[in-house]
Structure formats: C-alpha cells, structure tokens
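Asker: Provided below are the primary sequence and the corresponding predicted coordinates.
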Amino acid sequence: MPLPPPPAKRGAQLSSDVIDLAARRAKSRPAPAQQALPRPESEAPAAAQPMALMRPPAQAQAPQARAPEYPAAPPPAARPPRAAPPERPAPKRKARGSGPTRLFVLDTNVLLHDPSALFRFEEHDIFLPMIVLEELDAHKKGMTEVARNGRQTSRLLDALAGVKGADMAQGLKLDSTGYADAGGKLYFQTSPLDATMPAALPPGKADNQILGVVAALEKQHAPREVILVSKDINMRVKARALGLAAEDYENDKTLEDGDLLYSGVQQLPPDFWTRQSKTVESWQSGSATYYRIGGPAVASLQINQFVYFESPGEPSLYARVTEIRDKTAVLRTLKDYAHLKNAVWGVTARNREQNFALNLLMDPEIDFVTLAGTAGTGKTLLALASGLTQVLDDRRYTEIIMTRATVSVGEDIGFLPGTEEEKMGPWMGALDDNLEFLAKGDASGAGEWGRAATNELIRSRIKIKSMNFMRGRTFMNKWIIIDEAQNLTPKQMKTLITRAGPGTKIICMGNLAQIDTPYLTEGSSGLTYAVDRFKGWPHGGHVTLARGERSRLADFASEVL
C-alpha cells in the first residue's frame, strides 16, 4: 500500500479523507502493477486493518460516495522511475598522492624566506629532505630575520608532528593545526633514497643532495609530478639541466608584474566633460570645488586616487576621489602647491605628481602615504619639507622620526662606533643632503649665526632610529619617514606600520628598481605589499612620482644607464 502524501506543514495531522484515499488506491491497483512492485501477501492486510480502525463509521459504510471526487491514480508503471538514494552521485574527492595532485620538494631557502610556505600549496603534498632539516637547525641561532624564520619553521613542524595520531611514515596532514586551505600532507625523508647523480656534482654539497632526493622521488612516484621549489636561481638551473622540474616560490608575490602596481593617478578620457555635461553635479565648500560624476569611469576609481584632465583649449582639472557610492564618485579639486604662496618650507611642486604628493602629505586626514619613484623625483625632500612645516610651524606633530633598511650597495664596512643615532648616521646621507637644502632656503639672509640656529632647531626635532629596535614601541603624534622601503619584506613592513599610535603619520618611500635585499623582487617587496593592501583605504594614499627633478644629468642617466 502506498504511503499517504506528507502534511502541508510541520506538526499537522493527516485528515481522514487523505487516509481513505490511500486505502482506495491500494484496493483499485491492477494486478500487473503488483507484479512490478512485489510485496508479501501478509503485509497488505496488516497495513489495511489499522487504517480501517481509524476511519469514521460514516465513511466506512459508504466509501463509494466520495470516490468520484478524486481522480484515479495512474498505474505505477506510468510514473517516472525514481532514483534510489544510494545511486545518487556523491562528490568525488581528490585522492591524495594520485591524480592531478603534485609533490613539491622544498628547498631550505623557501622556509627561511617564508615559514608559512608549508601551507601555501593547497591540495598538493610537500616533501622535506633530511638535509633541509639540518640546514634549518644551522640557521636557527641569532637575531636576524633569517634566524627568526628558521625558528618559526621549526615550531610549525613540531606542531604538525605533535598532533595526536600523527604518523610520519604515512604523512602529516597540513590542515591538522588549523590551516584549512592546506589539503595535502607533509612527508619527511625517513629512509635513504637511492639516486644516481652525475659524477661532476660533489655529493657532499647540500644542494646536490636535495637534487638527488628529487631525482629519486621522481622515479619512485612516477608518473606523479615531482617539482623542486627553490628561491636559488642556480639551484633551479642545475635541476633543469638534470631534467628535473623546478619552480620559484611565488606565493609571496603581491603582483605578478611590477607594471601592474597601483600608481594612484589616473588620466580622464578626452571626452570626459562631453559625457558628463548632462549628469555632473558641482558645489563649493570652502576653497575646494566638488564634482559628482557617473558613468563607466567610476568602476576603475579608488578612494584617494588622483585624477586629472588635460586637453588643449579646455580648462584642466586636478582632483582627488573622496567618495564612491554605487555608480557615482565625488571629486575634490586640489590645492595648488606649485604656486609660491602655497610653498611648503620653501619647496614648491615642480610637476603634476609632486603636487599630488604634497596634497597627501599636508592632509591631516591621511595617516599613511606611500611614495614610489626613480632617483631624483623628490620623495625625501617632499616628505621632509612637509614634516618640518607640520612639526615646527603647525605643531601638529611633536617630532620627525626617520629610519631605513640598512642594506649595503657594495661591501659592508663592518661595525660602526657610537650610539644608535651615530651608527645610523652613514645611512642617512639623503637626510643630510635634503636638510642642508631646506635650511639654506629657510634661513637666507639671516647670517651665519641664524643658519646655525636654524640647523640646530631642525636637528633637535629629527630623530634617527634603527629598525632593529622598533618592535614593541608605540609612537604617538610622530611624523615617521621610512626610507628605502623597497628593501623591506612584507613582514618587516607590517612590524613598522603597526608601531603607529594616535596622531601618527607614516610615509613610506622607495624605488622598486633599486632592490638590494636577496630573494626580494618587485612583486614581493614590502613596498609593493603596502601599496596594494592600502589601496582604496579612506585614510591612506599613494602616488608614483614619474619625472626626476634633481638635475638634467641625473635625469638623462636614469633613462640611458
């Protein structure tokens, strides 16, 4: 007997009419249908008797009177067949160690560069040769960034191995410590691997031992793909020369191409005013003019991005995006720092991008500014001039703190004598050069004593700090300048920016074409990381300075050398 239809809502009782209909359908079912769905004979009376007991007396005496109200049920053979629950296709999971998953062999420099690289390979598996653990142990001592990363890697490996039920022989699940994105397993070299390497490669060298492990794994796990991941270019070249797959570690890169870096500036199309003539709104507030625009150009704009319109015979527009709502954006015109009346500590903007930068530096609502550009574009000069004006004249900040990454261009000259500030002195040649220019312009006509007093006053408000002692500090109401930020890693950049307390403004400057830190590229630099992460934040801004203003010799050298 078929089951009655389900109730319309939860907790509802079945009516007697519905039960009676189910009983009549069971009685009127033809014989062939019963053969299609076989049922034991003893089962039908047992199911029908309780239904008859629940039926009211009036319906039990004359069940034929209500039969015409319901259409006859079609025979079961005419109904579309239902798929049985066990036959439903279950979602297939990728088998670990087979199919498209790959096995990555990590070089030591990858873990010393980024300890979280263990969890950056999604569903793929990771293999660590024993020599890699030996090299991690050799690099764990010291206070350098490499030593800290080595210790962090060791702690992560210990946490994975300490999970209850973990078996190194079967592989450690990478998601067992909370990293849900890592779906693979971590394997250690628990037994010797037999690999035949060319006689030209000394077997005692660590790199050659890793290459031997990769070659042995490739034979052992064929046809599974085994790939060496290393930050060492020569290591990858040797691997490819031996016919082994090798890749660079690229998960730390913010951008694949340095040309895709957010510039902070966008040019409006030539027909901008023609398209906006009917829908643009404008109003005046103080000395600034606001424009509310719409159209397809809004989709590519960011908060605090600069836009400009230049066309022959038409008025120019230089503005900053202050609001984006739905499909409209609000533009605010800029203050013209190219005019002498708006000079900042005697410095005026010499080009369009310098004017954009000074608008960010002089805005008290902006807490974080990044300036990128080639040598001679005025990054340090603009930051110092803006800082001196707001520290000494406006008294908005208490002092200027300047720091930079101490990465040598050539040979290291060794330890430097003196205090922290004296040790940082040789690295701050750019600061001295710009202060000499600013003090000369400010104290003109004051005589030798006036210039000396001005230099002493300026020096008293500028502190030079080393990045090595920044951790744990909080700077309140400070103007912080981070020079040569392209040589910082994303982790170091985070350490510095998170030192900011109430009322502090941070300016990061750098030239991505002058990266001197090993294993850092334009895509993985801390400056690129900061520019990309702060893009569109209402209290941050970025400008890429395009034209050098140092001298015609420096400009020509930047282009041809």
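Answerer: Looks like it came in fine.

Asker: where do the strands sit along the stretch 151-300 of the chain?
Answerer: 172-173, 185-188, 226-229, 245-247, 265-267, 281-285, 288-294 (DSSP state E, counting those that start in this stretch).

Asker: give me whichever of those strands is most buried.
Answerer: Mean neighbour count (mean count of other CB atoms under 10 Å) peaks for strand 226-229 among the strands of the stretch 151-300 of the chain, with a mean of 22. To be clear about C-beta, it is placed using only N, CA and C from the backbone, and glycine gets the same treatment.

Asker: for it, name the packing helices and strands.
Answerer: strand 103-106, helix 206-220, helix 233-241, strand 245-247 (3 or more CB pairs under 8 Å, 6 or more residues apart in numbering; DSSP states H and E).

Asker: 6 Å - rerun?
Answerer: On a contact count with 3 or more CB pairs under 6 Å, 6 or more residues apart in numbering; DSSP states H and E, strand 226-229 meets strand 103-106, helix 206-220, strand 245-247.

Asker: give me the number of residues near Pro198?
Answerer: Residues within reach of Pro198, counting by other CB atoms under 10 Å, total 9.

Asker: check it and give its pLDDT.
Answerer: Pro198 carries a pLDDT value of 78.

Asker: right, and Leu488 touches Thr370 too?
Answerer: No. Contact between Leu488 and Thr370 fails when scored by CB atoms under 6 Å: they sit 11.8 Å apart.

Asker: could I get the helices and strands packed on strand 226-229 as a markdown table with mean pLDDT and distance to Asn342?
Answerer: A markdown table is the format used below for those (pLDDT from 0 to 100; distance: least, CB to CB, whole Å):
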| stretch | mean pLDDT | distance to Asn342 |
| --- | --- | --- |
| strand 103-106 | 94 | 55 |
| helix 206-220 | 91 | 59 |
| strand 245-247 | 93 | 52 |
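
Asker: for the strands of the stretch 151-300 of the chain, which one sits closest to Gly313?
Answerer: Nearest of these to Gly313, taken as CB to CB: strand 265-267 at 17.0 Å.

Asker: each with direction, which strands does the closest one pair with?
Answerer: Applying DSSP bridges, strand 265-267 is found paired with strand 306-309 (parallel).

Asker: next, the buried residues of the strand it pairs with.
Answerer: Of the residues in strand 306-309, Phe306, Val307, Tyr308, Phe309 count as buried by neighbour count, 16 or more other CB atoms under 10 Å.

Asker: quick one: list the elements packing against the next helix or strand after that strand.
Answerer: Once the chain leaves strand 306-309, the next helix or strand it forms, by DSSP states H and E, is strand 317-325. Secondary-structure packing of strand 317-325 (3+ CB pairs under 6 Å, 6+ apart): strand 306-309, strand 328-333.

Asker: and the angle from the next helix or strand after the longest one to strand 317-325?
Answerer: In this case it means strand 328-333. Per DSSP H and E, the first helix or strand lying C-terminal to strand 328-333 is helix 352-361. If you take axes from the mean of the first three to the mean of the last three CA atoms, to 10 degrees, helix 352-361 sits at 50 degrees to strand 317-325.

Asker: just checking, what packs against the helix or strand following helix 352-361?
Answerer: For helix 352-361, the succeeding helix or strand toward the C-terminus, using DSSP H and E, is strand 368-373. On a contact count with 3+ CB pairs under 6 Å, 6+ apart, strand 368-373 meets helix 352-361, strand 505-510, strand 540-545.

Asker: take the ones you listed and lay them out in TSV including distance to Asn434, mean neighbour count and mean pLDDT.
Answerer: Listed next are these as TSV, based on distance: least, CB to CB, whole Å; neighbours: other CB atoms under 10 Å; pLDDT from 0 to 100:
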stretch	distance to Asn434	mean neighbour count	mean pLDDT
helix 352-361	14	25	95
strand 505-510	12	25	94
strand 540-545	15	25	95
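
Asker: any figure for the gap between Thr498 and Ala349?
Answerer: Using CB to CB, to the nearest Å, one gets 31 Å for the distance from Thr498 to Ala349.

Asker: which one of these two has more residues nearby?
Answerer: Neighbours per residue, other CB under 10 Å: of Thr498 and Ala349, the larger number sits with Ala349, 22 against 10.

Asker: shouldn't that one be in contact with Lys335?
Answerer: No. Taking CB under 6 Å as the definition, Ala349 is not a contact partner of Lys335, at 10.1 Å.

Asker: and the contacts of the longest helix along the chain?
Answerer: As assigned by DSSP state H, the longest helix anywhere in the chain is helix 145-161. With contact meaning CB atoms under 6 Å, 6 or more residues apart in numbering, helix 145-161 is reached by Leu111, Leu112, Pro115, Leu136, His139, Lys140, Leu172, Thr177.

Asker: ok, now with 7 Å
Answerer: 111-113, 115, 118, 136, 139-141, 166, 168, 172, 176-177, 186 (CB atoms under 7 Å, 6 or more residues apart in numbering).

Asker: give the buried subset of those as a ChimeraX selection command.
Answerer: Filtering those down to the buried ones (16+ other CB under 10 Å) takes a single ChimeraX command:
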select :111,112,113,115,118,136,139,140,172,176,186
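
Asker: biggest separation within the contacts of helix 145-161, which pair?
Answerer: Taking CB to CB, no two of these sit farther apart than Lys141 and Ser176, at 28.6 Å.

Asker: burial count for the closest residue in space to Thr544 that isn't next to it in sequence?
Answerer: Of all residues not flanking Thr544 in the chain, Ser263 sits nearest, at 4.3 Å (CB to CB, 6 or more residues apart in numbering). Counted by other CB under 10 Å, the residues lying close to Ser263 total 17.

Asker: what's the answer for Asp271, then?
Answerer: Per other CB under 10 Å, the neighbour tally for Asp271 reads 9.

Asker: in this protein, what spans have low per-residue confidence?
Answerer: Applying pLDDT under 70 to the chain flags the ranges 1-100, 256-259, 406-430, 432, 440-454, 468-469.

Asker: reformat the helices and strands packed on strand 317-325 as TSV; add distance to Ala182.
Answerer: As requested, the helices and strands packed on strand 317-325 are exported to TSV (distance: least, CB to CB, whole Å):
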stretch	distance to Ala182
strand 306-309	41
strand 328-333	40
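
Asker: nearest to Thr517, out of those?
Answerer: Smallest distance to Thr517 across the helices and strands packed on strand 317-325 (CB to CB): 29.7 Å, for strand 306-309.

Asker: count of neighbours near the nearest residue to Gln305 once chain neighbours are set aside?
Answerer: The spatial neighbour of Gln305 that comes closest, neighbours along the chain excluded (CB to CB, 6+ apart), is Val321 at 4.9 Å. Neighbours of Val321 under the rule other CB under 10 Å: 20.

Asker: same thing with Phe437?
Answerer: Residue neighbour count, defined by other CB under 10 Å, stands at 15 for Phe437.
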